[in-house]
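Undergrad: test case, fold it:
(one chain, ligands or ions: 1)
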Amino acid sequence: MSSLLRSTRSTVNILSNIPRRSMSSSPAMSAPVDVKRLGVVGAGQMGLGIALVAAQKAQVPVTLVDSSQPSLDKGLKFADKLLEKDVSKSRISQVEADQARQLLEPTTSMFDLSNADFIIEAVPEIPSLKASIFSELAKIAPSHAILATNTSSISITKIAASTTPEGNTTDLSAASRVVSTHFMNPVPIQKGVEIISGLQTSQSTLDTAIEFCKRMGKIPSQSADSPGFLANRILMPYINEAIICLETGVGKKEDIDNIMKNGTNVPMGPLQLADFIGIDTCLAIMEVLHGETGDGKYRPAVLLRKYVDAGWLGKKSGKGFYDY
Ligand code: NAD
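TA: Okay, the predicted model is just below:
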C-alpha cells in the first residue's frame, strides 16, 4: 500500500513538472500572433465558409488555395450567392459585400501562403492527405504562422507530428504551432468552434486560435484530442444509428427524419443532416472513431459505406438519402 502511495505521489510529481504548454523554444511564439492575413487550404463547403466569414467579420485578406480550379470557381460563385442574399435581406450593405469579396484571393498554388499569419486547412478527411498538406505548410508558411486544421476527427497530435522533419521528434518549431479550429457547417450560421490542442501545441498557439475565432464572431469551446473530439463523438454515432435504422427497416427515411425533427426539436433529421455534411465525410469520421478506439459501437453502417461506393455523397453530389 505504502509503495503504491509512493508511486502515485511520484507520478503526480512527474506530471506536475510538465509545463502546461512549453513546447516552443522560439521567443517569437511566446505572445499570441497578430493575424493580418489568413490562408485557407481547400475551397469546399467548409473552407469557403471559413474564408468568407473571416473576410466579413475579421476583415482580413484571405489567400484561398484549392488544388482544383473548378472547385475554386464553384466556391467563389457560392460566396457571391451568399453575399447577394445578405444584401437582399439587408443584413449587410452592397459596399460591405464588395469589401468582403475583394478580400478573397483565390489561387491554386500553396506557395502563395508564404505571407499568411494563420492558415486553416479544410481538405477532405483523409489522414494521409492532411499529413502531406501539413508537411508542406511547415516548409512554406512563415515561422510564426499558426497552422490550424478543420479536421472532424483525426488526431491533432498526429497531424502536428507530420510537420516535424523525418526522424526528428524534438524539433517542435512547426508542431507547436499546430492546433484544431473545428468550424461547424454551415460556417456563416453556426456559432460554435471546437478548439483542440495536440500534445505539441504551445499556449500562444492556443491563445491565438481562440482569439482569432472570436474575431470571426464565433464562440470557441475546448475539447481534448480524443477521436471525434466532442461534437462528432456525440453527433456521428447518432447519424450512423439512423442509417442502421434505415438499413434494417426500423423506419422509412421520412419517418426517421420526421420523428427526430418533430420529437426533439432539431432543425433537420439525421439523414438529411448526413446529406448536408457529406456522406463521405460521415464515413471518414466513423472510420476514425472505429479505428482509433477499436470499439464496435462505432462500426460504420453497411449502408453508409454503400452510399459512398455509389458516389451518393449527399447535397454536394446532387444525390444522397434525398435528391437535390
Ligand atoms: P469538401 O469536399 O467540400 O471540400 C474539400 C476541398 O478540398 C475541395 O474543394 C477539394 O478540391 C480541396 N482539395 C482536395 N485536395 C486538396 C489539396 N491537396 N490541396 C488543396 N485543396 C485540396 O469537404 P468539406 O466538407 O469542406 O470538409 C473539409 C474538412 O472539414 C474535412 O476535414 C471535414 O471532415 C471537415 N468538416 C466538415 C464538415 C461538414 O459538415 N462538411 C463540418 C466540420 C468539419
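Undergrad: burial count for the residue in the stretch 201-324 of the chain that the ligand sits nearest to?
TA: Among the residues of the stretch 201-324 of the chain, I277 lies closest to the ligand, at 3.7 Å counting by Cβ to the nearest ligand atom. Placement of C-beta: from N, CA and C, glycine included. By the criterion of other Cβ atoms under 10 Å, I277 has 25 neighbours.
Undergrad: now I244
TA: Should you count by other Cβ under 10 Å, I244 turns out to have 17 residues around it.
Undergrad: what of T281?
TA: Taking other Cβ under 10 Å as the criterion, the count of residues near T281 is 24.
Undergrad: do you know the pLDDT at it?
TA: Reading off the confidence values, T281 has pLDDT 95.
Undergrad: hang on, it in a strand?
TA: No: with DSSP: H, G, I helix; E, B strand; the rest coil as the criterion, T281 is helix rather than part of a strand.
Undergrad: so how far is I259 from it?
TA: Note on T281: its distance to I259, by Cβ to Cβ, to the nearest Å, is 24 Å.
Undergrad: any low-confidence regions in the stretch 101-250 of the chain?
TA: Along the stretch 101-250 of the chain, the parts satisfying pLDDT under 70 run over 167.
Undergrad: ok, which stretches of it are strands?
TA: Assigned by DSSP state E, counting those that start in this stretch, the strands in the stretch 101-250 of the chain fall at 104-107, 118-121, 146-149, 178-183, 192-197, 219-223.
Undergrad: which one of the ones you listed lies nearest to the ligand?
TA: The closest approach between the ligand and any of those, judged by Cβ to the nearest ligand atom, belongs to strand 178-183 at 6.0 Å.
Undergrad: quick check: angle from the closest one to strand 192-197?
TA: With axes from the mean of the first three to the mean of the last three Cα atoms, to 10 degrees defining the directions, strand 178-183 sits at 170 degrees from strand 192-197.
Undergrad: sheet-wise, list the partners of strand 178-183 with their directions.
TA: Sheet pairing of strand 178-183 (DSSP bridges) gives strand 146-149 (parallel), strand 192-197 (antiparallel).
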